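Participant: Curious how this folds, go ahead:
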Amino acid sequence: MDRIGESTLFIDLNALEHNYWYLRSKIAPKTKFLAVVKAFAYGSDMIAVAKKMEHIGADYLAVAYVKEGVLLRNAGIKLPILVLHPQPINFGELIDHSLEPSLYSPKILKLFLEVTKAKEEKDYPVHIKFNTGLNRLGFWENDVDYIQQNLQGRSEVKVISIFSHLAASEDAKEKEFSNTQIDTFKKISEDISQKLGYTPFRHMLNTSGIVNYPEAQFEMVRSGIGLYGYGNDAKVDAQLKPVATLKTIISQMHKIEPHESVGYNRAYKSVGYRITATLPLGHADGIGRQYGNGKTYVSINGKKAPIIGNVCMDMIMIDVTGIDCKEGDEVIVFGENCSAENFAASANTISYEILTAISPRVKRVITQ
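Facilitator: Residues are numbered from 1 along each chain as shown. As a prediction, this is how the structure comes out:
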């Protein structure tokens, strides 16, 4: 087995492309595809992922904040970039870098109009976010008149899309709620198009929505977690490939006698003779304390080794009793044949959290 030498997150762009085409196969050829690359592309490498998406044919990118979009523009990305949660203090920078804002409240709309007027913009592209049940961000259904009144006679901006977000697209028990959201969005779309005098394109579906509600794909869909190999459903996961694989190495091994303890607060106490290994990875790297004390496993030479004791800031300890291994051997934390979804579920969380938690100090290696 090759020695990697240090904790490393491998980012497989071939897997990313596979996932993109799988998700593309679920929508009509004319439907636009928006790739969500916020949070450093779900903890991987935002620039590498964005460049790959641009190369293979994605129509749009989305980030959460303006500074993420600026990083992409500075890296040479030309695709349209939707900023999902822009803050007013960054509106000038947003415009200077040709980013497209989600306008989600009366205050945000008013302030953005002020900035575009001051900059003498004309038909600057904006996206209007509507809240249909997630209750996170967005205008309400009865705000359409307010939007129309504030845009009437103004040439500074042009509404190029309206969008919303399903609250539980992966949950079959919430199908009725999801369909109600979709119906509400359709009504809003008709209303605002009539009052604006033109028809913006529409988007509502996330990864699970693409799979479960293809009839609501409208003119564009958005995918985040699915691009990175996870579909919130075991059947979908089987069709996807994890993009990120986190590997580390064994730094040191110990022979532990009965009743000896391991780690802070003596959280682990041996009931017999055990062999433990220490890994150079801890909660400062994104492996939170919730993964310790036997809840979660890593993989060594195809064998499961539980994390024992409390996770330290820079180290975790594992039980390798009965596993053929030595100092310097490679350890797979998640990714390659070890799902991040399963790793996360063992600590009662989700793949999104563990993927986006991996610290920048963990080395990234792009493979393709």
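Participant: List the residues that contact the residue nearest the centre of the chain.
Facilitator: The centroid of the chain falls nearest to Tyr42 when counting by Cα atoms, centre = their mean (3.8 Å). Applying Cβ atoms under 8 Å, 6 or more residues apart in numbering, we find Tyr42 in contact with 36, 224-225, 227-228, 244, 352, 355-356. Any C-beta I mention is one placed from the backbone N, CA and C, and that applies to glycine too.
Participant: Equivalent analysis for Glu341, please.
Facilitator: Residues in contact with Glu341 (Cβ under 8 Å, 6+ apart) are 230, 237, 350-351.
Participant: Kindly list the longest helix within the protein.
Facilitator: helix 175-196 (DSSP state H).
Participant: Contacts for stretch 361-368, please.
Facilitator: Stretch 361-368 is contacted from outside by 6-14, 44-45, 48, 52, 246, 281, 284-286, using Cβ under 8 Å, 6+ apart.
Participant: Which members of the residues you listed are classed as buried?
Facilitator: Among the contacts of stretch 361-368, those classed as buried by 16 or more other Cβ atoms under 10 Å are 7-13, 44-45, 48, 52, 246, 281, 285-286.
Participant: re earlier: report all helices and strands that the longest helix of the chain contacts.
Facilitator: The contact analysis (3 or more Cβ pairs under 8 Å, 6 or more residues apart in numbering; DSSP states H and E) places helix 175-196 against helix 144-151, strand 157-163.
Participant: export the ones you listed to CSV and tack on mean pLDDT?
Facilitator: Shown next, in CSV, are the helices and strands packed on helix 175-196 (pLDDT from 0 to 100):
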stretch, mean pLDDT
helix 144-151, 96
strand 157-163, 98
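Participant: Please identify the most buried of these.
Facilitator: Of all the helices and strands packed on helix 175-196, strand 157-163 has the most neighbours on average by mean count of other Cβ atoms under 10 Å, namely a mean of 21.
Participant: Just give me how far that one sits from the chain centre.
Facilitator: Offset of strand 157-163 from its chain centre (Cα atoms, centre = their mean, to the nearest Å): 24 Å.
Participant: Partner strands of that strand and their direction?
Facilitator: Strand pairing for strand 157-163, using DSSP bridges, gives strand 124-129 (parallel), strand 201-203 (parallel).
Participant: what does the shortest one contact?
Facilitator: Right, the one you point to is strand 201-203. Contacts with strand 201-203, where a contact means Cβ under 8 Å, 6+ apart, come from 32, 34, 160-163, 185, 189, 218-222.
Participant: Which strands or helices does the helix or strand following that strand pack on?
Facilitator: Counting by DSSP states H and E, the element after strand 201-203 in chain order, helix or strand, is helix 207-212. Applying 3+ Cβ pairs under 8 Å, 6+ apart, we find helix 207-212 packed against strand 220-223.
Participant: Against which helices or strands is the strand it packs on packed?
Facilitator: Using 3+ Cβ pairs under 8 Å, 6+ apart, the elements in contact with strand 220-223 are strand 32-36, strand 201-203, helix 207-212.
Participant: what's the spacing between it and its chain's center?
Facilitator: On Cα atoms, centre = their mean, the centre of strand 220-223 falls 13 Å from the chain's centre.
Participant: if we can go back for a sec, please point out which parts of the longest helix of the chain sit buried.
Facilitator: By neighbour count with 16+ other Cβ under 10 Å, helix 175-196 contains the buried residues 177-178, 181-182, 184-185, 188-189, 191-193, 196.
Participant: and what of stretch 300-307?
Facilitator: Using 16+ other Cβ under 10 Å as the test for burial, stretch 300-307 gives 300, 305-307.
Participant: Filter the residues you listed down to the ones in strands?
Facilitator: Among the buried residues of stretch 300-307, the members falling in strands (DSSP state E) are 300, 305-307.
Participant: can I get the residues you listed in a markdown table with pLDDT?
Facilitator: A markdown table is the format used below for these (pLDDT from 0 to 100):
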| residue | pLDDT |
| --- | --- |
| Ile300 | 96 |
| Ala305 | 97 |
| Pro306 | 97 |
| Ile307 | 97 |
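Participant: Make JSON lines out of these and add distance to Val262.
Facilitator: Formatted as JSON lines, these follow (distance: Cβ to Cβ, whole Å):
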{"residue": "Ile300", "distance to Val262": "17"}
{"residue": "Ala305", "distance to Val262": "13"}
{"residue": "Pro306", "distance to Val262": "12"}
{"residue": "Ile307", "distance to Val262": "11"}
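Participant: and which of the residues you listed is nearest Leu103?
Facilitator: Using Cβ to Cβ, Ile307 comes nearest to Leu103 of these, at 44.7 Å.
Participant: Before I go, just wanted to say thanks for your time.
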